[in-house]
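> Sequence plus the predicted model coming up.
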Amino acid sequence: MLASQTFLFNLDAQLLFSTLLMAAAIFVLFLLMSYLLFNPAKKLLADRQERIAKDISDAKEASESAEALKAEYESKLKNIEKEAEVILSEARQKALKNEARIIEEAKAEAHRIIKHAQEEAELEKKHAMDDVKQEIIAVASLMAQKVVSASIDTTIQDTLVEETLKEMGDSTWLS
């Protein structure tokens, strides 16, 4: 009865054997395809995932490094402003010291000039006094000549010179 028996969907031993053989072939093909295609694709995806993760971590590191550099530059800028203020303050102090030194030197120079001018004036005064004395002596000589020519005796001549000198006074000789 087996030979004439009809199976549901015509399932016979040949069909079952072919199905098992096909299932084994599909399994082998699946293993082969898994080895040849799926594993490289998985590896490619894993490599890509690692590369993306590395890029993300590199980007985070670069961002953190940039933030650190930014903070460092900002602190340097603040320090530069402070240093500039210190330098300007020192320059102002030096300028004030130089100003005071220059003023002192100018005062000393002015004092020397005034002293020199006073000495010059004193010398001119002495020269003027000498000139006045010479003029007085010349006038006295002229007077003496007039007295002698008028035949006045020496006592009259002495009294005239003394009177002239008294009229001039001591202040004339001292000033």
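Ah, there it is.
> C-alpha only now, for contacts and for neighbours.
OK.
> Stretch 92-102: how far from the chain's middle?
Relative to its parent chain, stretch 92-102 has a centroid offset of 18 Å by CA atoms, centre = their mean, to the nearest Å.
> Convert the C-alpha atoms of that stretch to PDB, please.
The C-alpha trace of stretch 92-102 is given here as PDB (Å, rounded to 0.1, in the frame of the first residue of the first chain):
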ATOM      1  CA  ARG A  92      54.900 106.600  36.400                       C
ATOM      2  CA  GLN A  93      57.000 106.300  39.600                       C
ATOM      3  CA  LYS A  94      60.200 106.500  37.600                       C
ATOM      4  CA  ALA A  95      58.800 109.600  35.800                       C
ATOM      5  CA  LEU A  96      58.000 111.300  39.000                       C
ATOM      6  CA  LYS A  97      61.500 110.500  40.400                       C
ATOM      7  CA  ASN A  98      63.000 111.800  37.200                       C
ATOM      8  CA  GLU A  99      60.800 114.900  37.400                       C
ATOM      9  CA  ALA A 100      61.900 115.500  41.000                       C
ATOM     10  CA  ARG A 101      65.600 114.900  40.100                       C
ATOM     11  CA  ILE A 102      65.400 117.300  37.100                       C
END
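> now for the helix or strand harbouring residue 86, which elements pack on it?
Per DSSP states H and E, residue 86 falls inside helix 39-149. When contacts are defined as 3 or more CA pairs under 8 Å, 6 or more residues apart in numbering; DSSP states H and E, helix 39-149 sits against helix 154-174.
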